[in-house]
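Q: everything below, folded, please.
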Amino acid sequence: MGVTLLRTRAGRIGTRTQNGSEYRGPVITTVHTSALSSTELTGIRALLNTAFDGGFSDADWDHGLGGMHAVIRDEAGIAAHGSVIQRRVLHAGRSYRVGYVEAVAVRADRHRQGLGGRVMEALEHVIDSAYEFGALSASEEGAGLYAGRGWQVWPGRLGALGADGVVPLPEEEGATYVRPLVGDPAHPLLFDWRDGDVL
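A: All right, here's what the predicted structure looks like:
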């Protein structure tokens with residue numbers, strides 16, 4: 001079913017099918033971290049903790065804050081979430097402003113209902129509107145979602161700009177996706193440094 005995003009002033013996104021009828025699924029909202037209440041943030045963190053089997057660390061949580069969130073709610077609460085935050089990437093002598101996708105999860109009882117795709121559609125709209133390109137680090141479970149939406153594995157080398165210079169990140173090669181595929185793979189993508197998982 002093809003759908004078109006309908007954006008309102010409040011930042012809520014509804015959908016309309018190609019034949020013009022309203023899509024009756026849960027409504028997705030895009031909102032900045034600063035506009036989320038403490039109750040909403042607690043609910044999102046609970047979803048992520050469950051979705052990642054308790055492996056979602058404080059650093060992982062911090063990485064997903066400070067940007068735009070796509071949140072889907074249903075009668076049971078928060079059904080799906082993802083966020084996009086700004087990062088700086090040095091590539092071939094140029095600094096890029098990149099929309100980096102974080103904290104994508106869907107509640108277990110809503111798997112395989114298209115909610116992950118709806119979250120990514122909203123985040124991709126933010127990336128396409130505000131950033132030079134998008135990037136993310138995919139788990140094995142999530143790789144299919146991203147590849148199916150046109151994200152491509154970065155074919156070159158990866159690194160980060162640490163306090164003592166460039167830190168190679170060979171373990172992230174093959175799992176880091178970009179959209180669109182930009183630049184020259186002969187030159188690495190060098191991400192800004194951060195605590196926890198750099199990518």
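Q: where does this protein dip in pLDDT?
A: 1-25 (pLDDT under 70).
Q: try 50 this time
A: Counting by pLDDT under 50, the chain contains low-confidence ranges at 1-19.
Q: now do the contacts for the nearest residue to Gly162 once chain neighbours are set aside.
A: Using Cβ to Cβ, 6 or more residues apart in numbering and skipping residues adjacent in sequence, the residue nearest Gly162 is Trp193, 5.0 Å away. Where C-beta positions appear, they are placed from N, C-alpha and C, glycine not excepted. By Cβ atoms under 8 Å, 6 or more residues apart in numbering, the contact set of Trp193 is Ala160, Leu161, Gly162, Ala163, Val167.
Q: please tell me how far Ser83 sits from Asp164.
A: Distance of Ser83 to Asp164, given as Cβ to Cβ, to the nearest Å: 30 Å.
Q: looking at those two, which one has more neighbours?
A: With neighbours defined as other Cβ atoms under 10 Å, Ser83 and Asp164 compare such that Ser83 has more, 26 against 6.
Q: bridging residues for that one?
A: His69, Glu102 (DSSP bridges).
Q: contacts only, for it.
A: By Cβ under 8 Å, 6+ apart, the neighbours of Ser83 are Thr33, Gly64, Leu65, Gly67, Met68, His69, Ala70, Val101, Glu102, Ala103, Leu123.
Q: residues near the fourth one, how many?
A: Using other Cβ under 10 Å, the number of residues around Gly67 comes to 20.
Q: ok, it touching Arg97?
A: No - assessed by Cβ atoms under 8 Å, Gly67 is found out of contact with Arg97, at 11.9 Å.
Q: what residues are shared contacts of these two?
A: Joint contacts of Gly67 and Arg97 (Cβ under 8 Å, 6+ apart) are Gln86.
Q: any idea how far Ala108 lies from Val27?
A: With Cβ to Cβ as the criterion, Ala108 and Val27 are 21 Å apart.
Q: look at the two and report which has more neighbours.
A: When neighbours are counted by other Cβ under 10 Å, Ala108 and Val27 differ, and Val27 comes out ahead with 17 against 9.
Q: quick check: phi and psi on the more buried one?
A: The phi/psi pair for Val27 (degrees, to the nearest 10) reads phi -80, psi 140.
Q: report the separation between it and Glu140.
A: In terms of Cβ to Cβ, Val27 sits 30 Å off from Glu140.
Q: now do the buried residues in stretch 125-142.
A: By 16 or more other Cβ atoms under 10 Å, the buried positions in stretch 125-142 come out as His125, Val126, Ile127, Tyr131, Phe133, Gly134, Ala135, Leu136, Ser137, Ala138, Gly142.
Q: and of these, the nearest to Trp154?
A: Ala135 (7.7 Å; Cβ to Cβ).
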